[in-house]
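Q: Show me the folded form of this:
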Amino acid sequence: MQQKEHQTRSAIWFLATALALWLVPTSAVASVGDTLPGRTLAIGDIHGAYDELVEILRETGLINEENRWVGGDATLVQTGDIVDRGAGIKQVMDLLMDLQKQAPEQGGEAIVLMGNHESMNILGDFSDVSPEILASFASDDAEKLRQEAWKGWVKWMNRLARSRGAAGVDFDNEKKAQWMNEHPPGYFEYARAMEPEGRYGKWILSLPVMAQVGDTIFMHAGISPEYAGMSLDEINELHRQEFEIFVGNRQELIDQGLIPWFYNLYKLNQAVLYQVNNPPEARFRNTARSKLLARTAEDLNRMQKVLLEDSPLWYRGYTDLSEEELEAHLDNLERSYGAHRFVVAHSPMATGSIHQRLEGRVFLIDTGMLTAYYKGRPSALEMQGGQFSALYTGGERQVLVEPVGENDRVPASAAADNSAEIRARRLEPAVYRRKAAGRFVLAAYPPEEGDGGDGLHERIWRDPVGNALPFETHEELEQFLATAEVLSQQKIPKGVTKPKKLLLGKDGVQAHAKFNYVNKSGQREKMADGTVEMYFLDSYKADMAAYRLSLLLGMESVPPAVVRNIDGQDGIVQLWVEGLNTYENWLQEGNKGTPASTYFERQLKDMHTFDHLIRNVDRNQGNIAWDDDTNLWLIDHTRSLAKDSNLREAKKFKGCSLQLWEAMKNLEENEVTEALSPYLSQFEIKALMKRRDKLLKLIDQTIKKKGQSEVIFKYSDPPPGLVISYDESAP
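A: Numbers count the residues shown, from 1 in each chain. Just a heads-up that it's a prediction; the model follows:
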């Protein structure tokens, strides 16, 4: 389930002192049928929403009023994330455990998969376990357990200190109060229940990571390209083995007195690293303990493979990949597994509805069932007779995919062709035609639907699954970026400035955003092209100023952004434009030049003009990016707007749109100062206005040499050589 939530970190265990790694335990392999059963229902993330779960199970006819299985030979697949956040997790687990026993009595089956939150709990990470959940586990001896655990921890800390030659540790009342606050009533009962031999921990450890039913694979998050070469059994077994190693090491550490029994993953890791890097004095040394610590550190380092963001419990490609990328990935998976459809959860749908992608090859079923937290609703995906339907409480049913053949089995190639056909742009009969040899021939430049008559393609702000965000203005979206909760964050591997990708959520709406917090300046900096910048600036403030300036110029190509503090760090939070293709990727795929489009070439000219204006020194192949509608999006302007008033690479000026030219001429210094002074110094603003004047002079000189029609263009004008013809009979 999408979270506020601990993203997996790629840092190596052995080198870090506080890691966020999630282990994926599995020990059972789900049954695999050769054909689809009569009726299969899949339910996504529950997160302790017991009442909502019962409601949808009754609505779908799987259980009766006594919560007994009445679904006959139906198959229920629950895709993980049962625990955390909602107070009813004990009831949810008890119900699912009961249904697993009851369903086979009628010829049915209840398959429960492991989610990332289950693995977190097994590892003792209770950061998303609410006080209400802990209270539901609290016993009459809760306070006694807390006091005993406190005394045991103090004793262990003192022993650790003395073995390293330090004096004993004396904790005051303030420290004790803090510790007790971190371990409220019910904490230790909950920890025991989630241990490998606890009632719920033992059950969770038996759950598989993924299961295949007929030609459909069910999983919590997804199979990434990293895992595509492994069979489902191998994936499940890999996770089971790694978790088994971790559990064994932890128990040995407890038995040897090297960690307290209730230490979670982070505390365990810190304790191991401390003791490895700070060996005890000679008289306290024990060879067996030293070997155990070293082995554990190595195991933690090695097993990160199954704990990163591309692992089956954390991968988000099924929501984040573009249609083309996802389709290619699924074609590969179909060849590997013989499975045509993939059902995943993990990423809550902002609409509270089940979504399908690629004509039903992927179903996204996390609809935020815990309504108090996610503002979603209970749902189930029903598969029967080749028909796929979304079922909701209140009797609502939405058919997502109609039957298309025996067992709804469609070859990957056919699905790909059909999907490509559906996605292809539908060209209306062209109005613009090229005149050649006295005749008109069809030109590939018809007016675009929805371009408003100005020739500009519509730009749509989208959520992680491709739906349009419900914001009409920049101000509305900026308000969302400024106030939405950070549900998750992960490092972006590319980029010198080490930005992060955020998932934001508010009032049921979710969107990705980039958080960049770099803030450097210097007098001299040698650039990649060998030139030297005298007043080098690399700052999120420049990025923010570039966005504000784009609004003054009437540009829609710079994504909306706000300055915001995240985890104590000021930076720019900018909308993540979903599904962008970069020039770097374009070339790596074997293409040459740029997309063959007059619209695209004109946008490039405006991009370079804007870069001249802001003195951008870092426009590169990785940040020349466009969407499926060939809209160029201008991103990454941290290295711009320094106080050098000279135009950079002025000889490369090729022209610009009439819209941008007029807007630059109409810029007033007082409005620029008002808009940009929160981010730029007065010297940097003065330099910007001087560059504007020099740029306008350069444009005038170029017009005098080449003529205005060769320098200034309207996006709505056809390319040179096209004329208008309404003669539909013209060949």
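Q: you'd agree Leu553 is up against Met664?
A: Yes: using CB atoms under 8 Å as the test, Leu553 is close enough to Met664 to be in contact (6.7 Å). (C-beta placed from N, C-alpha, C; glycine too.)
Q: Which residue ranges of the stretch 1-150 of the chain form helices?
A: Assigned by DSSP state H, counting those that start in this stretch, the helices in the stretch 1-150 of the chain fall at 50-59, 89-102, 116-122, 131-137, 142-163.
Q: my bad, the stretch 501-650 of the chain
A: So, for the stretch 501-650 of the chain - with DSSP H, counting those that start in this stretch - the helices run 540-552, 583-588, 598-614.
Q: Between those helices, which one is closest to Gln574.
A: helix 540-552 (7.2 Å; CB to CB).
Q: nearest to Pro184, of the helices of the stretch 1-150 of the chain?
A: helix 131-137 (5.7 Å).
Q: same for the closest one, what does it pack against?
A: helix 89-102, helix 187-193 (3 or more CB pairs under 8 Å, 6 or more residues apart in numbering; DSSP states H and E).
Q: which residues sit against it?
A: Around helix 131-137, the neighbours that count as contacts under CB atoms under 8 Å, 6 or more residues apart in numbering are 48, 84, 86-87, 89-90, 126, 184-187, 189-190, 193.
Q: pLDDT-wise, what's the bottom of these?
A: In terms of pLDDT, Phe126 ranks lowest among those, with 87.
Q: how far away is it from Ala42?
A: Plainly put, Phe126 is 28 Å away from Ala42 if you go by CB to CB, to the nearest Å.
Q: Could you check which of the two is surrounded by more residues?
A: Between Phe126 and Ala42, Ala42 has the larger neighbour count (other CB atoms under 10 Å), namely 26 against 20.
Q: give the contact list for Ile460.
A: Counting by CB under 8 Å, 6+ apart, Ile460 touches Ala468.
Q: just use 24 as the starting number from now, easier for me
A: Understood, numbering begins at 24; the last thing we discussed is Ile483.
Q: can you tell me the helix or strand for it?
A: Ile483 belongs to no helix or strand when assigned by DSSP states H and E.
Q: likewise Met712?
A: With DSSP H and E as criterion, Met712 is part of helix 705-729.
Q: Now do the buried residues in the helix or strand that comes right after that helix.
A: Per DSSP H and E, helix 705-729 leads on to helix 731-734 as the next helix or strand towards the C-terminus. For helix 731-734, burial by neighbour count (16 or more other CB atoms under 10 Å) applies to Val734.
Q: just how off-centre is stretch 155-175 within its chain?
A: 36 Å (CA atoms, centre = their mean, to the nearest Å).
Q: and the closest residue in space to Val600 that isn't next to it in sequence, what pLDDT?
A: Spatial nearest neighbour of Val600, excluding adjacent residues (CB to CB, 6 or more residues apart in numbering): Trp656 at 5.0 Å. Predicted confidence (pLDDT) for Trp656: 95.
Q: Can you tell me the closest non-neighbouring residue to Asn539?
A: Pro522 (4.2 Å).
Q: Can you report phi and psi for that neighbour?
A: Dihedral pair for Pro522: phi -70, psi 170, per degrees, to the nearest 10.
Q: Can I get the contacts of helix 154-160 in JSON lines including distance to Ser376?
A: Shown next, in JSON lines, are the contacts of helix 154-160 (distance: CB to CB, whole Å):
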{"residue": "Gly71", "distance to Ser376": "21"}
{"residue": "Asp107", "distance to Ser376": "23"}
{"residue": "Gly109", "distance to Ser376": "20"}
{"residue": "Ala110", "distance to Ser376": "25"}
{"residue": "Ile112", "distance to Ser376": "24"}
{"residue": "Lys113", "distance to Ser376": "29"}
{"residue": "Phe149", "distance to Ser376": "31"}
{"residue": "Pro207", "distance to Ser376": "36"}
{"residue": "Pro208", "distance to Ser376": "39"}
{"residue": "Gly209", "distance to Ser376": "35"}
{"residue": "Tyr210", "distance to Ser376": "37"}
{"residue": "Glu212", "distance to Ser376": "38"}
{"residue": "Tyr213", "distance to Ser376": "33"}
{"residue": "Ala216", "distance to Ser376": "34"}
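Q: which parts of stretch 82-94 are buried?
A: Neighbour-count burial for stretch 82-94 [16+ other CB under 10 Å]: Glu82, Thr83, Leu85, Ile86, Asn90, Trp92, Val93, Gly94.
Q: tell me the two of the residues you listed that are most distant?
A: Glu82 and Trp92 (14.8 Å).
Q: Start from the N-terminal end of the stretch 524-673 of the chain and give the strands.
A: According to DSSP state E, counting those that start in this stretch, the stretch 524-673 of the chain carries its strands in the segments 532-539, 542-544, 548-549, 555-556, 560-562, 584-589, 592-598, 604-605, 647-649, 655-657.
Q: now these in a markdown table, with mean neighbour count and distance to Ala305?
A: Shown next, in a markdown table, are the strands of the stretch 524-673 of the chain (neighbours: other CB atoms under 10 Å; distance: least, CB to CB, whole Å):
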| stretch | mean neighbour count | distance to Ala305 |
| --- | --- | --- |
| strand 532-539 | 22 | 49 |
| strand 542-544 | 15 | 47 |
| strand 548-549 | 14 | 52 |
| strand 555-556 | 14 | 57 |
| strand 560-562 | 23 | 50 |
| strand 584-589 | 18 | 47 |
| strand 592-598 | 22 | 44 |
| strand 604-605 | 18 | 58 |
| strand 647-649 | 22 | 60 |
| strand 655-657 | 22 | 63 |
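Q: okay, those strands in JSON lines with distance to Phe706 next?
A: As requested, the strands of the stretch 524-673 of the chain are exported to JSON lines (distance: least, CB to CB, whole Å):
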{"stretch": "strand 532-539", "distance to Phe706": "23"}
{"stretch": "strand 542-544", "distance to Phe706": "12"}
{"stretch": "strand 548-549", "distance to Phe706": "17"}
{"stretch": "strand 555-556", "distance to Phe706": "15"}
{"stretch": "strand 560-562", "distance to Phe706": "11"}
{"stretch": "strand 584-589", "distance to Phe706": "20"}
{"stretch": "strand 592-598", "distance to Phe706": "21"}
{"stretch": "strand 604-605", "distance to Phe706": "33"}
{"stretch": "strand 647-649", "distance to Phe706": "29"}
{"stretch": "strand 655-657", "distance to Phe706": "24"}
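Q: out of those strands, nearest to Asn144?
A: strand 532-539 (23.9 Å).
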